[in-house]
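>>> predicted model follows, preceded by the sequence.
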Amino acid sequence: MAATSSPEAPVDDTERLLALHRYGILDTPMEPAYDELADIAGHVCDAPVALVSFVDRDRQWFKSAQGLPERETPLDQSVCRYAIRQPGVFIVPDLAQDVRFAHYGIVTQKHPLRFYAGAPLVTPDGYALGTLCVLDHRPRQLSQRVQDLLSALARQVVRLLELQRANDRQGQMLTELDAARQQMAVLAHTDVLTGLANRRSFTDRLRQELALLQRGREPTCLLMMDLDHFKRINDVHGHHVGDQALQLFASLCRDVFRAADVLGRWGGEEFMALLPATGVEQAQAVAQRVHAALAQQPLPGIEPPHRLSVSMGLTLLDPLRPLDVTLRLLDSALYTAKREGRSRTVVV
């Protein structure tokens, strides 16, 4: 299709540019797949210059530039901006004889380009993003057969764009899926309210520690902790305040215990703490710091001020003692602490 000398009407490019940017192709490195299609286009059209050109807001940018050193040119030097405005192959037999292009740098340079043919790169939803175009130093024409082949190659460029976009989407989906799996794994081992290990996760870690102790690891202590008068908090102030109390206790424990210690919500208002490489005296000191921290931090928003307290059972883990026996001993010690007045630690 030969070019005419009529002026181009103003065009709202907003939707087309949005479509172009969705492909994320601009300013990416050259790739063999695009170079090969441009090279074939140049060969089919017997042209020394072949470009995969994308028409941006203020420039045309080349994903492939065979026979041309530039990677982009200003939009006011673009023949492709005309080619994307109409269906089929846009042909300018002699750029020097067309008033729209005669002043272009490619036409006035020392070795001018005179011939242009460009097939638009049209997306499945109908947006022309740019062209697969060829240029020559001599005025000429293209047969209809060659025009059809150039259009076919342009469709292959679009298929390549679509494939890469689909791969990008799949990669993003896989990344999101992996993140979701990781989040699910965390949630499966975490108490939602307090952010501490849940009972299942804590039990798994406890069994691992027992196995290490059987291999001669340093002593490990286990603390069972139960908030005092927790039912009264729920009954008097409501369950939302009870939840705040559990969260406050968990937060204070994070501040008191070491990073190497393992904290877990055992159930309800009951918590566990595993203290690796810790003797009984050291563990008692840690327990005392928990009591002191609670005494200094009232529940927020409660009048008159209410301070939590906790009763604890403490034992040195014996790798030869069954875990269920250890847990029963701790439970008994904890309730001994409650009978003796609460807010204290009983060692078994």
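Everything's here; your move.

>>> for the biggest helix by length in the chain, what is the average pLDDT?
Taking DSSP state H as the criterion, the chain has its longest helix at helix 144-188. Taken as a whole, helix 144-188 has a mean pLDDT of 87.

>>> and the next helix or strand after that helix, how far from the chain's centre?
Along the chain past helix 144-188, the next helix or strand (assigned with DSSP states H and E) turns out to be helix 199-214. Chain-centre distance of helix 199-214: 33 Å, with Cα atoms, centre = their mean, to the nearest Å.

>>> please apply the same query to stretch 315-325.
44 Å.

>>> list the buried residues of that stretch.
By 16 or more other Cβ atoms under 10 Å, the buried positions in stretch 315-325 come out as Thr315, Leu316, Leu317. To be clear about C-beta, it is placed using only N, CA and C from the backbone, and glycine gets the same treatment.

>>> and what of stretch 161-170?
So, applying 16+ other Cβ under 10 Å, buried residues of stretch 161-170: Leu161, Gln164.

>>> go on, stretch 23-31?
Of the residues in stretch 23-31, those buried (16+ other Cβ under 10 Å) are Tyr23, Ile25.

>>> for the stretch 1-150 of the chain, which spans come out with low pLDDT?
Applying pLDDT under 70 to the stretch 1-150 of the chain flags residues 1-11.

>>> only alpha carbons, please: show stretch 189-201 as CSV.
Coordinates of each C-alpha in stretch 189-201 appear next as CSV, following Å, rounded to 0.1, in the frame of the first residue of the first chain:
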residue,chain,number,x,y,z
HIS,A,189,3.1,-23.9,62.9
THR,A,190,2.0,-20.6,64.4
ASP,A,191,-0.6,-19.5,66.9
VAL,A,192,-2.6,-16.9,65.0
LEU,A,193,-3.4,-14.7,68.1
THR,A,194,0.0,-14.5,69.7
GLY,A,195,2.4,-15.3,66.8
LEU,A,196,4.1,-17.9,68.9
ALA,A,197,4.6,-21.6,68.0
ASN,A,198,1.4,-23.5,68.2
ARG,A,199,1.1,-26.7,70.2
ARG,A,200,1.9,-29.0,67.3
SER,A,201,5.0,-27.0,66.3
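
>>> which residues touch it?
Contacting residues not belonging to stretch 189-201 are listed as 188, 205, 243, 246-247, 249-250, 253, 262-267, 271 [Cβ atoms under 8 Å, 6 or more residues apart in numbering].

>>> please enumerate the helices of the stretch 1-150 of the chain.
14-22, 32-45, 80-83, 105-108, 144-188 (DSSP state H, counting those that start in this stretch).

>>> and Pro29, how far from Gln156?
In this view, Pro29 and Gln156 are 20 Å apart by Cβ to Cβ, to the nearest Å.

>>> I meant to write Ala33 there.
Taking Cβ to Cβ, one finds Ala33 at 9 Å from Gln156.

>>> who has more neighbours, the two?
Neighbours were counted for Ala33 and for Gln156 using other Cβ atoms under 10 Å; Gln156 has more, 18 against 15.

>>> wait, isn't the more buried one in contact with Leu37?
Yes: judged on Cβ atoms under 8 Å, Gln156 makes contact with Leu37 at a distance of 5.8 Å.

>>> okay, and the common contacts of the two?
Common neighbours of Gln156 and Leu37 (Cβ under 8 Å, 6+ apart) do not exist.

>>> name the nearest residue to Ala102, ignoring sequence neighbours.
Excluding its sequence neighbours, the residue lying closest to Ala102 (Cβ to Cβ, 6 or more residues apart in numbering) is Ala96, at 5.4 Å.

>>> the one you found: neighbouring residues, count only.
The number of residues near Ala96, taken as other Cβ under 10 Å, comes to 16.

>>> how about the strands of this protein, start to end?
49-55, 59-66, 72-74, 90-92, 115-122, 128-136, 221-227, 262-267, 270-275, 310-316, 345-347 (DSSP state E).

>>> quick one: closest of the ones you listed to Ala333.
Checking the strands of the chain against Ala333 by Cβ to Cβ gives strand 310-316 as the closest, at 3.1 Å.

>>> in the closest one, what's buried?
Val310, Ser311, Met312, Gly313, Leu314, Thr315, Leu316.

>>> out of these, who's nearest Leu334?
Closest to Leu334, out of all of the buried residues of strand 310-316 and judged by Cβ to Cβ, is Gly313, at 3.8 Å.

>>> bridged to the closest one, which residues?
Met224, Val346 (DSSP bridges).

>>> I figured it hits Lys338, correct?
No: taking contacts as Cβ under 8 Å, Gly313 lies outside contact range of Lys338: 9.9 Å.
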